[in-house]
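Asker: next input, structure requested:
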Amino acid sequence: MELLATERLSLRQLEVGDAPIVCAYRSDPDVARHQSWSAPYPLRAAEALVQEMLHRRPSDPGWTQIGIELKATGELIGDVAFERRDAREAAVGYTLAPAHWGNGYATEAVGAVVDHGLDVLGHGVIVAEVLPENAASIGVLTRLGFERDGTTATGEDRYVKRRV
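Answerer: Numbers count the residues shown, from 1 in each chain. Have a look, this model is predicted:
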């Protein structure tokens, strides 16, 4: 089910058949080195993630993983995590298959989810935590108007975007 849409992307619920695709892009060492998991990412973990997200919506409390699908081909190319922490603050994270890096898809998908969190769900702040060496991800956040707001206890840079 489509949750949000952009010009080129359908942001949708993950589906049972997505687990092997999620496993494949999360197993890429270039992806995993910027995330909280190690490569290879087990198929069972992908199946559990998909199963857990089958009925979740961005408006639900806690984490929701939202699939990023190319409208032109129907191909799942990544996912955006959105966490409603409380009425004021939410967090965002994202993963994109390396074959699709450099096309603006992460900026487009994350931008849609962040706008939804700020404008529709009414959060005052969206945060993202990123490793300082992940220049591409910092570029995505900067293009979307996030500003660096310090360092977390785990050494990640904290970026925030506030509702205007």
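Asker: which helix or strand contains the residue most central in space within the chain?
Answerer: Nearest to the geometric centre of the chain sits Val80, at 2.0 Å (CA atoms, centre = their mean). Per DSSP states H and E: Val80 is located in strand 76-84.
Asker: quick one: list the elements packing against that strand.
Answerer: Judged by 3 or more CB pairs under 8 Å, 6 or more residues apart in numbering; DSSP states H and E, strand 76-84 is in contact with helix 19-26, strand 62-70, strand 89-96, helix 105-115. Placement of C-beta: from N, CA and C, glycine included.
Asker: and the angle for it with strand 62-70?
Answerer: Strand 76-84 runs at 150 degrees relative to strand 62-70, counting by axes from the mean of the first three to the mean of the last three CA atoms, to 10 degrees.
Asker: about what we covered before: out of the helices and strands packed on strand 76-84, nearest to Val130?
Answerer: Taking CB to CB, strand 89-96 is the member of the helices and strands packed on strand 76-84 nearest to Val130, at 8.5 Å.
Asker: how far out from the middle of the chain is that closest one?
Answerer: 4 Å (CA atoms, centre = their mean, to the nearest Å).
Asker: which residues are contacting that strand?
Answerer: Contact partners of strand 89-96, identified using CB atoms under 8 Å, 6 or more residues apart in numbering, comprise 25-26, 31, 35, 68, 77-85, 105-106, 109-110, 113-114, 117, 121, 123-129, 137, 140.
Asker: let's see it at 6 Å
Answerer: 78-84, 106, 110, 113-114, 117, 123, 125-128 (CB atoms under 6 Å, 6 or more residues apart in numbering).
Asker: cool, and stretch 9-23?
Answerer: With CB under 6 Å, 6+ apart, stretch 9-23 has contacts from 1-4, 41, 43, 46-47, 50, 53, 65-69, 71, 76, 108-109, 112.
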